[in-house]
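J.: 3D model of this:
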Amino acid sequence: MPESSTAGNEMPRPLRIVSLIPSATDICVHLGLGDNVVGITHCCDAGDVPSSALVVTEDQVHASSNSQGDIHAKVVENGQKAVETMETNTRDASDPAACSLTTEEIPTLYPINKELLKKADPTLIVTQDLCHVCAPSSATVFRALKEAGIDARVVLLTPMNLGDVVENMQQVADAAGISRRGKELCDELRANLRLLGDTVRKHRKPEQANKKVLVMEWVDPPFCGGHWIPDMARLIGTELAIDPNPDGRSRRVTWDEIERADPDVVLVACCGFDLERNLDDASSSGKHFGRLRSNREGNLYAANGDQYFARPSPKLLTGAVVMALGAYNERDEPDVVRAIRDLPFSSRAFDSIEAMEF
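T.: Coordinates of the predicted model:
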């Protein structure tokens, strides 16, 4: 079992990981560290984590019982409060630990239960500083650690592209003391991503122009995908119908903008939602999708956005396969689909995408 180093002649403590975002939990499991996970979030669903792992966050979004419009309004309201509060009460905006507020005073959609965090007694905490909609902010995490009197190493993950995602795996492996295993698994992930791209290029119709793909991160209001989504699109020989923000982040778009972009393929892969929920939510916006050429030509799909698009983890490999299945369907590119089916890592993708028509 990996151990955490200590100073002096003290015996090293066993590695005890608290993961504060589902993608980090997935990374830990992929690295073989599932048994070391002692704390998770309410959204973490990796099966290879002990049932004794404590759920140390609370959910104030209640996504399963709220519409996308209601969720968006709540997120915007919380974000505005958080910015105003942090600007007023943080001595150094570049230092998330410098906030003078208590944990309870920092606006967050996902409060941390300090008592459970203390009970978990972590030596390593893996969290993120990329999206405050997805997990507790770094300011909330650092303040909770200070108030709970926890002296643990904190790994902040901030991936903006596929390369960063792989590097994050190595970062967690290094922090856990399994650098060699991390390198092996990172090399394997890179090789599988290359294999997928090579497979598509080898079997696609040579005269076929790159298809324009739109991956929708949200539908009410509509957002186009960003971060690692452009890399995934390029990997499978497609291009984005709508570009994200200049900094690479996803951005809000309009239905008129989507119609003008005229995507060849649309994939509804909303953040945090599985295939069934994305099918339902797409239906609620069916009048908008019905205006698109991709709908009329049978190239409109829903996918499991939660597992395979929103989580910067090894699961993005399956997400890239899902994108390829939408871009090269059996009707238009049967050779590509057959070749993808033969890949050793592709099986989950076929159950994670479904065509729609409005």
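
J.: partners of the biggest strand by length in the chain, with directions?
T.: What stands out as the longest strand in the chain, according to DSSP state E, is strand 212-219. Taking DSSP bridges as the criterion, strand 212-219 forms sheet pairs with strand 222-224 (antiparallel), strand 239-240 (parallel), strand 265-268 (parallel).

J.: Hmm, Ala327 is touching Leu240, no?
T.: No. At 11.7 Å, Ala327 does not count as touching Leu240 under the criterion of Cβ atoms under 8 Å. C-beta: built from backbone N, CA, C; applies to glycine.

J.: Which residue ranges of the stretch 251-358 of the chain form helices?
T.: Ranges of helices in the stretch 251-358 of the chain, per DSSP state H, counting those that start in this stretch, are 255-261, 275-284, 286-289, 293-296, 305-308, 316-327, 334-341.

J.: Show me what the fifth one is in contact with.
T.: Spelled out, that is helix 305-308. With Cβ atoms under 8 Å, 6 or more residues apart in numbering as the test, helix 305-308 has contacts from 217, 268-274, 278, 315-316, 318-319, 322, 349, 352.

J.: Can you tell me how far the closest residue to Glu330 other than its chain neighbours is from Ala176?
T.: Counting by Cβ to Cβ, 6 or more residues apart in numbering, Glu330 lies nearest to Val337, which is 4.8 Å off, once chain neighbours are set aside. Distance of Val337 to Ala176, given as Cβ to Cβ, to the nearest Å: 38 Å.

J.: can you pull the contacts of Val219?
T.: Counting by Cβ under 8 Å, 6+ apart, Val219 has contacts Gln68, Val268, Cys270, Asp281, Ala282, Ser284, Ser285.

J.: Compare those residues and tell me which has the most neighbours.
T.: Within these, most neighbours by other Cβ atoms under 10 Å means Cys270, with 29 neighbours.

J.: Can you tell me the closest non-neighbouring residue to it?
T.: Among residues not flanking Cys270 along the chain, Gly305 sits closest, at 4.7 Å (Cβ to Cβ, 6+ apart).

J.: And that neighbour, how far from Leu185?
T.: Gly305 sits at a distance of 24 Å from Leu185 (criterion: Cβ to Cβ).

J.: which residues touch stretch 111-119?
T.: So stretch 111-119 is contacted by 18, 20, 39, 54-58, 60, 103-104, 136, 140-141, 144-145, 147-150 (Cβ under 8 Å, 6+ apart).

J.: Restricted to helices, list those residues.
T.: Thr140, Val141, Ala144, Leu145, Glu147, Ala148 (DSSP state H).

J.: before we move on, the earlier item: just give me the closest of the contacts of Val219 to Gly163.
T.: Within the contacts of Val219, distances to Gly163 taken as Cβ to Cβ reach their minimum at Cys270, with 24.6 Å.

J.: pull the CA atoms of stretch 342-356 into CSV?
T.: The C-alpha coordinates for stretch 342-356 follow below in CSV (Å, rounded to 0.1, in the frame of the first residue of the first chain):
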residue,chain,number,x,y,z
ASP,A,342,-12.7,-4.0,-32.9
LEU,A,343,-10.8,-1.7,-30.6
PRO,A,344,-10.3,-3.2,-27.1
PHE,A,345,-11.5,-0.1,-25.3
SER,A,346,-14.6,0.8,-27.4
SER,A,347,-17.3,-1.4,-25.9
ARG,A,348,-18.8,1.1,-23.4
ALA,A,349,-19.2,3.7,-26.1
PHE,A,350,-21.8,1.8,-28.1
ASP,A,351,-24.3,1.9,-25.1
SER,A,352,-23.6,5.6,-24.4
ILE,A,353,-25.0,7.3,-27.5
GLU,A,354,-28.5,7.3,-29.0
ALA,A,355,-29.9,9.0,-32.1
MET,A,356,-32.7,11.5,-31.9
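
J.: Residues contacting that stretch, please?
T.: 192, 195-196, 199, 267-268, 275, 279, 282-283, 289, 295, 298, 300-304, 307-308, 317-318, 321-322, 325-326, 329, 340-341.
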